[in-house]
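[1] sharing a sequence plus its predicted fold:
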Amino acid sequence: EIALSHRKHFNSYLLHQQFIQRDMSGCDGHSHDHEHAEADDTNASLGTSLRPSIDFTAVQCLNESRPNSGRDILKFYEDRMSSTPLLMSQEDPDEDPELLLIVPFTEAVTMKSLSVLSYADAPNSNVCRVAINTAAPRTLRIYVNRPNLDFETVRDLEPTATLSLVPPSHQWHENHAGGTIDYPLRPAGRFQNVSEIALYFCDNFGMPEGSGGSNDMDDTDEDRIPTGITYVGFKGKGTNMKRKAVECVYETQGMKTDHKVPGSEYFGREGV
């Protein structure tokens, strides 16, 4: 019985190792804290699209090269693989190519994952030519329910979470091409009752690692390559707690007949 028990444990160990090797295929040795969503993905384990809950009239993006391009990349899920429209940071070789995308919702939502796609370095001749001259974002700092943010604030503010995005070589690996990458949002408790989320893309893969955010590139002579993003999507679930205006009735003069107190008829005309 003891030998049989050891054999079972050993077989389980082998299966676990095979799973790890298979799961890391094409991942270039980086941390595999993400899920690959294929082109025909219908898996809702990381939630359903939250796009219907986005308040598009209030979406804003700081440092975008074209007005409303940050709003435009919040595409329908079925359009996520299109290379246009494109969100690109300002083309200034002397300024950091950072982007701050602020997305409010029409109701409080629970967020389970997000997806970011860039066509920079994509091996596809049909890619938008402008996207070829951009670099994919490297680091994403996330802020939940923190209104009135700007670059000066987020550079020094502790984020709700920080994601190290996968390099283009992994995004467009032959084993994964044709799909997007979902990044689980953890810890889950920080992404409940979300009314607004801010995404701070502080650097890209065209910059020296660690040079974005509160750090700058003033000590380097390298030109900055604009950050390019073609899709941002959120998955989770709504709470049906929509923001509604409070309905009130105002009176110019209170009428006694409209404010009778039960039992007042026993205490004379004017009540107590």
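    Arrived safely, thanks for sending.
[2] what is the least confident helix or strand in the chain?
    The weakest-scoring helix or strand in the chain, judged by mean pLDDT, DSSP states H and E, is helix 2-23 (a mean of 40).
[3] for burial, what's the neighbour tally of Gly47?
    The tally of other residues near Gly47 (other C-beta atoms under 10 Å) stands at 19. The C-beta positions use only the backbone N, C-alpha and C, and glycine is treated the same way.
[4] likewise for Asp150?
    Asp150: 11 surrounding residues under other C-beta under 10 Å.
[5] ok, it touching Leu62?
    Yes - in this structure, Asp150 is within contact of Leu62 by C-beta atoms under 8 Å, at 6.7 Å.
[6] check contacts around Ser89.
    Shown in contact with Ser89 (C-beta atoms under 8 Å, 6 or more residues apart in numbering): Asn63, Glu64, Ser65, Pro97, Glu98, Leu99, Pro226, Thr227, Gly228.
[7] which helix or which strand is home to the last one?
    Using DSSP states H and E, Gly228 falls within strand 228-229.
[8] quick one: strands adjacent to that strand?
    Strand 228-229 has the following strand partners under DSSP bridges: strand 87-88 (antiparallel).
[9] contacts for the partner strand next, please.
    Residues outside strand 87-88 that contact it (C-beta under 8 Å, 6+ apart) are 61, 64-66, 69-70, 72-73, 99, 101, 130, 134, 226-230, 232.
[10] run the last query once more with 10 Å
    61, 63-66, 68-74, 97, 99, 101, 118, 120, 130-131, 133-134, 137, 201, 226-232 (C-beta atoms under 10 Å, 6 or more residues apart in numbering).
[11] list buried residues within those residues.
    61, 63-65, 69-74, 97, 99, 101, 118, 120, 130-131, 134, 137, 201, 226-232 (16 or more other C-beta atoms under 10 Å).
[12] tell me which of the residues you listed fall in strands.
    Of the positions in the buried ones among the contacts of strand 87-88, Cys61, Leu99, Leu101, Pro137, Phe201, Gly228, Ile229, Tyr231, Val232 sit in strands, assigned by DSSP state E.
[13] tell me where the stretch 51-200 of the chain has helices.
    Along the stretch 51-200 of the chain, the segments classed as helices by DSSP state H, counting those that start in this stretch run 69-72, 129-132, 151-154, 168-171.
[14] these: lowest mean pLDDT?
    Mean pLDDT is lowest for helix 129-132 out of those, coming in at a mean of 62.
[15] buried residues in stretch 202-209?
    By 16+ other C-beta under 10 Å, the buried positions in stretch 202-209 come out as Cys202, Asp203, Asn204, Phe205, Gly206, Met207.
[16] could you export those as JSON lines, including distance to Tyr143, pLDDT and secondary structure?
    Output for the buried residues of stretch 202-209, formatted as JSON lines (distance: C-beta to C-beta, whole Å; pLDDT from 0 to 100; DSSP: H, G, I helix; E, B strand; the rest coil):
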{"residue": "Cys202", "distance to Tyr143": "12", "pLDDT": "95", "secondary structure": "strand"}
{"residue": "Asp203", "distance to Tyr143": "16", "pLDDT": "94", "secondary structure": "strand"}
{"residue": "Asn204", "distance to Tyr143": "19", "pLDDT": "94", "secondary structure": "strand"}
{"residue": "Phe205", "distance to Tyr143": "22", "pLDDT": "91", "secondary structure": "coil"}
{"residue": "Gly206", "distance to Tyr143": "24", "pLDDT": "89", "secondary structure": "coil"}
{"residue": "Met207", "distance to Tyr143": "21", "pLDDT": "85", "secondary structure": "coil"}
